[in-house]
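Student: sequence first, then the predicted structure:
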Amino acid sequence: MDVKLTINNTPITATPGQTILEVARQNGITIPTLCYHKDLSPVGSCRLCVVEVEKWRGQSAACTTPISEGMVVHTESPAIIQSRRLVLELLLQNYYDAGYAMGDRPQDNEFIHWVEHYRVTAPRQAQPRFAVNSDPNPVVWVDFNKCILCTRCVRACAEVQGRFVWGVAERGHQAQIVAGAGVPMLEARCESCGACVAYCPTGALDNRMSVGLGAADRKVLTTCTYCGVGCQLDLNVKDDVPGGRVFRVTSNPNAPVNGMHLCVKGRYGYDFIHHPDRVLRPRVRRYLLQGLPRPEHDRGEWVEVDWDTALGIAAEKLRQTREQHGPDSIGVLTSAKCLNEENYLMNKFARQVIGTNSIDHCARL
Amino acid sequence: MTNRKIKYRPENKAIAEVASKHGSRPESVLEVLREVQETHGGLTQELIGDVSRALRIPEERAYGIATFYTMLSLRQDPPAKTDRRSIRVCDGPVCWLKGAPLLHQLIESQLGDHWRIERNSCLGLCDRAPAALVGDQQAGPLTAEKIGQIPHGFRGAPTDYSNPLPGELRVMMAQAGKIDPDSLSSAQAHDAYRGLEKCLRSTPEATLAVVEASGLTGRGGAGFPVGRKWRFVAQANNTPKYIICNADESEPLIFKDRVLIDTNPHQILEGMVIAGYATGAHEAFIYIRGEYEHQAQRLENAIHQAEQANYLGENILGSGFSFHIHVHRGAGAYICGEETALIESLEGKRGEPRFRPPYPPTYGYLGKPTLVNNVESYAAVPSILRNGSDWYRSLSSAPTPGTKIYMILGHVCRPGLFEAPFGITLRQAIDQFGGGMLPGSNFHFALTGGAAGTIVPESLLDIPIDYASASKGVALGAGAFLVCDQSVSPVAFLRELLHFFQVESCGKCTPCRLGTFDSLEILQRLAQRQGAPGDLERLHLLSEVMKQASFCGLGQSVATPVQSALTHFAADFKGAIQTPNSSEML
């Protein structure tokens, strides 16, 4: 049974149980939101998505109001625009931005986007109410001067990561986001996954290591190398050095496996990419190239070679060992960083090629 | 690395014991926190952590609750002055009219060394203004001379409502003064539980039909038909179902529920059992505001007696119907009078309202069908069941059947409470029931309904008051009238009201959280006659957007007093704008 309703004078057919917001978005009608996120349970608290429903008293939050048959909705009436502008204005006059991260991710600041969209200016300058950088968490940057109390961080922590670190304390004008019983995040059992950062619409929560580093020249969608889950993420790259430089990781909402969700390694463990110790091409010891026996103590220097040479040497050594000492003298240890398919091949390699059952998996990182 | 080692804190045995006494249920967190605060002389972060572990809830939730309710407070070090040695001076508009700010200063200077002195939003003691809560004991009226006697036990006396005033029509208050409220046998001698006995002999459907036919409307302020609400719950498929009695009465000017409990608690319990029978619910809660400790104990005593007599409990009077009532104390939050915030609070959460739909009759306490009615609504039920719906409708010729409890306060000779049919006028309330204006006092304006009611000028004194009269500028609300004479400035009065709303806003939605704050700021300027050009327009805009876009009734109804005051007393507000260059402007 479809539901027929009218939005902005356009007749629309929708599925029962949908909200006004869902139906509007499906039909290309923009309704601004702040506290709403499709991944999180709706709360209807910011009141930016209010719309007018004919014959209803007051305005209704589109994100929490289910559609009903014959409903007539207006999303941009003068009264609605007046409410939205005042909501944004009230938030803006309490939104203090010290300016240190201005150029970082302007496109991710949904709040400023709507402030500009509705051409809102604050009647008075916001004053700082909290310390900038108020939590010692090593990867999450906290600046509640930019908090608009949308509670997306609270819900992301509870519903996406299941850690219940963030909560709301006090009430009314004093209400604020806190970790645990008003303690630093890590003491409130934070796993530093950064889900709260990914869902924050203002930058009150940010990625500490990238704060103030500016915007990305390009974003590269890639699969996380840490484990076999296959999360996708966006590497934020600056092209100021040859080959580019990864300086931030952001969630890609279209990632099929993980959506916005990442763990601490995927989101923050990217500094290995440009580490000077990182091995980029195969290397062998010089004595192997020279066909000499293994020296007693100093095994000599590493030499960069091509893949065929390296693999050839490895294969030859394995063959020799198997011949001299039998298949069970060889053990195979695979990695959680490998794909399922790669682990399957290593299993075949150990049992059928080498002929040993000595194969294990690190199963952890 | 700034990473600190996670500290392991062993289970706190004493707190685990308190928790298990309350069933170790997450819903009992408010009671557990209150008891821990009482025994430890205050709450600390560590204690809150211990409570959260004992109840297996996230620490942030326990902390959010501890900082939400005003009767819970967080201290770094447990203070020497424990909660028992506290005086909470009422901050409400009625007590303000009666000189509470000065009284507060005097109490602070005379008793501040040994007592913790605080301000508290309206205590529901408006007929005893200026009032205070000494520990958990209600006190008032207080005078400057009596302050020194407070440590020696002076509490003042509650108002006596035993004798009806001329013109009163008493139904819910009929037994006031005739029965001992703490004795079931005394109540039984005056018809207690006769309505229940009668309805247990008929069917739930017949009971529902009688309530529907009576035309009884919800007495909490909105006037929604009680029978229809009961029908929704009865029709809901989901079980179990719950009955809730809203005794959170925290709106300034309103104290009728307190008097109803104090005069005849069994009448309320009886109404709740009947509601359970009609809707198929077997468990009920009375959510009573924490400031009504005396009344909470009275209800607990009444419940105990009713259980002994099998008017409550298993297999009531052999009918096969079982029903249990629990008393749940709030901890200081006006917002918990909003039915969905009340349910959240009952579930052991911050008292923030839920969005609707779904409505409580389908999705209420713990997601189950739940009936929430006001104390006064339940109190009206037994007499309807005893005497029939025709009798109830014959009580008056007004469009709304039955009687209402009204409160008349302020500059009248006889402030207090009375019961009468609907449709009385403000003039009647003042002259007939309030004993007229005080000598030397002339009517200036009145606030009708409650704090979220209308500000009414003299021209509207003769409008008959009903749920529909709000559109004519006189709201009925929960039935209170606060009358102010020429000495009271409507601007300063409105500031007091906004002060209340700002303190009590839960902070969930943007318009109310920030709008009440901004409105109060403007009104503080105006009350000092230092308003800036544009202030009145901004005040009106703030109220309009709060009315249209706020999440719940609290924010939406702030506009009622603001806009009625701006309309009727425009000159007073305009005069509060400072115009240093007014000569140039001319």
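Tutor: Nice, I can see it. Because the structure is predicted, anything quoted here is derived from the model rather than measured.
Student: state which helix of the chain is the longest.
Tutor: In the absence of a named chain, chain A is used. The longest helix of chain A (DSSP state H) is helix A:307-325.
Student: actually chain B
Tutor: Per DSSP H, chain B has its longest helix at helix B:510-527.
Student: same for it, what does it pack against?
Tutor: helix A:78-92, helix B:490-504, helix B:535-549, helix B:553-557 (3 or more C-beta pairs under 8 Å, 6 or more residues apart in numbering or on different chains; DSSP states H and E). Heads up, the C-betas are built off the backbone N, CA and C, glycines and all.
Student: how about the nearest residue to residue 206, chain neighbours excluded?
Tutor: If you meant another chain, say so; for now it's chain A. Leaving aside its sequence neighbours, residue A:206 sits nearest to residue A:141 (C-beta to C-beta, 6 or more residues apart in numbering or on different chains; 4.1 Å).
Student: ah, I was thinking of chain B
Tutor: residue B:199 (7.7 Å).
Student: got it, and residue B:443?
Tutor: Looking at residue B:443 with C-beta to C-beta, 6+ apart, the closest residue is residue B:458, at 5.6 Å.
Student: next, count neighbours for the one you found.
Tutor: 14 (other C-beta atoms under 10 Å in any protein chain shown).
Student: contacting residues for it?
Tutor: B:443, B:444, B:445 (C-beta atoms under 8 Å, 6 or more residues apart in numbering or on different chains).
Student: neighbour-wise, which of those residues leads?
Tutor: Of the contacts of residue B:458, with other C-beta under 10 Å as the count, residue B:445 tops at 26 neighbours.
Student: can I get the helix or strand encompassing that residue in PDB, CA atoms only?
Tutor: Here residue B:445, judged by DSSP states H and E, is contained in strand B:443-449. C-alpha atoms of strand B:443-449 as PDB (Å, rounded to 0.1, in the frame of the first residue of the first chain):
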ATOM      1  CA  PHE B 443      -6.200  44.600  39.700                       C
ATOM      2  CA  HIS B 444      -3.400  45.200  37.300                       C
ATOM      3  CA  PHE B 445      -3.100  41.900  35.400                       C
ATOM      4  CA  ALA B 446      -3.300  38.200  36.100                       C
ATOM      5  CA  LEU B 447      -1.500  35.100  34.900                       C
ATOM      6  CA  THR B 448      -3.900  32.300  34.200                       C
ATOM      7  CA  GLY B 449      -3.300  28.700  33.600                       C
END
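Student: and the next element down the chain from it?
Tutor: Following strand B:443-449 in sequence, per DSSP H and E, is strand B:454-456.
Student: mind checking what helix or strand follows that following strand in sequence?
Tutor: strand B:480-485.
Student: coming back round to it: distance of the residue nearest to residue B:443 from chain A?
Tutor: Note on residue B:458: its distance to chain A, by C-beta to the nearest C-beta, to the nearest Å, is 30 Å.
Student: so residue B:234 sits in a strand?
Tutor: No - using DSSP: H, G, I helix; E, B strand; the rest coil, the assignment for residue B:234 is helix, not a strand.
Student: tell me the strands in chain B, going along the chain?
Tutor: B:86-90, B:116-120, B:132-134, B:137-139, B:242-247, B:283-288, B:324-329, B:370-374, B:403-410, B:416-421, B:443-449, B:454-456, B:480-485 (DSSP state E).
Student: list the contacts of whichever residue of the stretch 351-500 of chain B sits closest to chain A.
Tutor: Of all residues in the stretch 351-500 of chain B, residue B:355 sits closest to chain A, at 4.2 Å by C-beta to the nearest C-beta. Residue B:355 is in contact with A:42, A:43, A:44, A:61, A:64, B:551, counting by C-beta under 8 Å, 6+ apart.
Student: once you drop chain neighbours, what's closest to the second one?
Tutor: The reference is to residue A:43. The nearest residue in space to residue A:43 (C-beta to C-beta, 6+ apart) is residue A:35, at 5.6 Å.
Student: what number of residues lie near the one you found?
Tutor: Residue A:35, neighbours per other C-beta under 10 Å, totals 26.
Student: so for residue B:177, what's the nearest residue that isn't a sequence neighbour?
Tutor: residue B:162 (2.5 Å).
Student: please read the previous query as pertaining to residue A:205.
Tutor: Spatial nearest neighbour of residue A:205, excluding adjacent residues (C-beta to C-beta, 6+ apart): residue A:197 at 4.6 Å.
Student: burial count for that neighbour?
Tutor: 26.
Student: do the one 4 residues further on as well
Tutor: For residue A:201, the number of neighbouring residues by other C-beta under 10 Å comes to 24.
Student: one step back: so which of the helices and strands packed on helix B:510-527 comes closest to residue B:376?
Tutor: The stretch from these with the least distance to residue B:376 (C-beta to C-beta) is helix B:553-557; that distance is 17.6 Å.
Student: what comes into contact with the closest one?
Tutor: With contact meaning C-beta under 8 Å, 6+ apart, helix B:553-557 is reached by A:58, B:334-335, B:338, B:353, B:452, B:501, B:504-506, B:509, B:511-512, B:515-516, B:546-548, B:550.
Student: do the same with stretch A:153-163
Tutor: A:37, A:39-41, A:43, A:164-168, A:177, A:189-191, A:193, A:195-196, A:198-200, A:205, A:260-261, B:58, B:60.
Student: just the buried ones from the contacts of helix B:553-557?
Tutor: By neighbour count, with 16 or more other C-beta atoms under 10 Å in any protein chain shown, these hold B:334-335, B:338, B:353, B:452, B:501, B:504-506, B:509, B:511-512, B:515-516, B:546-548, B:550 as buried.
Student: wait, a helix at the residue nearest to residue A:206?
Tutor: No - counting by three-state DSSP, residue A:141 is not part of a helix but strand.
Student: that one contacts residue A:212, correct?
Tutor: No - between residue A:141 and residue A:212 there is no contact under C-beta atoms under 8 Å: 9.7 Å.
Student: what residue in the stretch 1-150 of chain B comes nearest to chain A?
Tutor: residue B:60 (2.7 Å).
Student: what helices or strands is the longest helix of chain A leaning on?
Tutor: strand A:283-285, helix A:286-289.
Student: among the ones you listed, which is nearest residue A:299?
Tutor: Comparing the helices and strands packed on helix A:307-325 by C-beta to C-beta, strand A:283-285 comes nearest, at 5.5 Å.
Student: what residues of stretch A:231-247 count as buried?
Tutor: Neighbour-count burial for stretch A:231-247 [16+ other C-beta under 10 Å]: A:231, A:232, A:233, A:234, A:235, A:236, A:237, A:238, A:244, A:245, A:246, A:247.
Student: was I right about the second one contacting residue A:257?
Tutor: Yes - in this structure residue A:232 lies within contact range of residue A:257 using C-beta under 8 Å: 6.6 Å.
Student: thinking again about what came up before, turn the strands of chain B into JSON lines, including mean pLDDT.
Tutor: Output for those, formatted as JSON lines (pLDDT from 0 to 100):
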{"stretch": "strand B:86-90", "mean pLDDT": "94"}
{"stretch": "strand B:116-120", "mean pLDDT": "91"}
{"stretch": "strand B:132-134", "mean pLDDT": "95"}
{"stretch": "strand B:137-139", "mean pLDDT": "96"}
{"stretch": "strand B:242-247", "mean pLDDT": "98"}
{"stretch": "strand B:283-288", "mean pLDDT": "98"}
{"stretch": "strand B:324-329", "mean pLDDT": "97"}
{"stretch": "strand B:370-374", "mean pLDDT": "98"}
{"stretch": "strand B:403-410", "mean pLDDT": "97"}
{"stretch": "strand B:416-421", "mean pLDDT": "97"}
{"stretch": "strand B:443-449", "mean pLDDT": "97"}
{"stretch": "strand B:454-456", "mean pLDDT": "97"}
{"stretch": "strand B:480-485", "mean pLDDT": "98"}
